[in-house]
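1. what follows is a predicted protein model with its sequence.
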Amino acid sequence: MSVDDCVFCKMVAGQIPVTKIYEDEVVLAFLDIGPISDGHTLVIPKQHFERLHDCPGELLGQVGLCLGKIAKAVSAAMNSDGYNVLCNNGRAAGQLVEHLHFHIIPRNAGDGVFDRWPAYKYQAGKIEAIAAKIRENL
């Protein structure tokens with residue numbers, strides 16, 4: 001996807017209206033138009049990067065500094081019991097807009113959102129083999 005076709009880049013440029021929560025030189029935060037819960041907020045770097053690992057560490061750090069502040073404000077405003085911060089990378093992970101973004105999703109006990117985490121146990125020896133493969137790619 002080119003930057004010219006990116007809906008989030010168009011939002012940053014003011015070509016598509018958003019309900020802004022926060023903005024500085026690096027970051028834009030706005031309410032999601034298809035929320036999972038009231039106050040569901042998206043936080044994006046203004047510069048276009050498709051996935052988390054594409055974004056330079058220094059810039060990612062600046063985004064991270066804003067994430068906590070924005071999450072605290074969203075949680076307080078929604079009087080939520082907690083919140084999720086999610087970053088989907090790639091279509092298989094649920095990324096619908098190919099511009100790096102973080103979801104802040106206010107949560108309350110018993111809200112039914114993400115009520116099942118599909119955890120499982122590794123077979124004997126598999127965890128060590130997977131860890132070794134990951135370390136090789138660092």
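-> Looks like it arrived, so ask away.

2. okay, which residue is most central for the protein?
-> F102 (1.6 Å; CA atoms, centre = their mean).

3. which one is it nearest to, not counting chain neighbours?
-> In space, and not counting its chain neighbours, F102 is closest to V43: 4.5 Å by CB to CB, 6 or more residues apart in numbering. For every residue, glycine as well, the C-beta is placed using N, CA and C.

4. check whether the one you found really touches G68, as I assumed.
-> No: using CB atoms under 8 Å, V43 is not in contact with G68, being 10.3 Å away.

5. quick one: which of the two has more around it?
-> Higher neighbour count among V43 and G68: V43, with 25 against 11, using other CB atoms under 10 Å.

6. show me where this structure has its helices.
-> All helices of the chain, identified by DSSP state H, fall at 7-12, 57-78, 126-136.

7. look at the residue of the chain most remote from its centre and report its pLDDT.
-> For the chain, the residue at maximal distance from the C-alpha centroid (CA atoms, centre = their mean) is A124, at 33.2 Å. Listed pLDDT for A124 reads 93.

8. what's the answer for I104, then?
-> So, for I104, pLDDT stands at 98.
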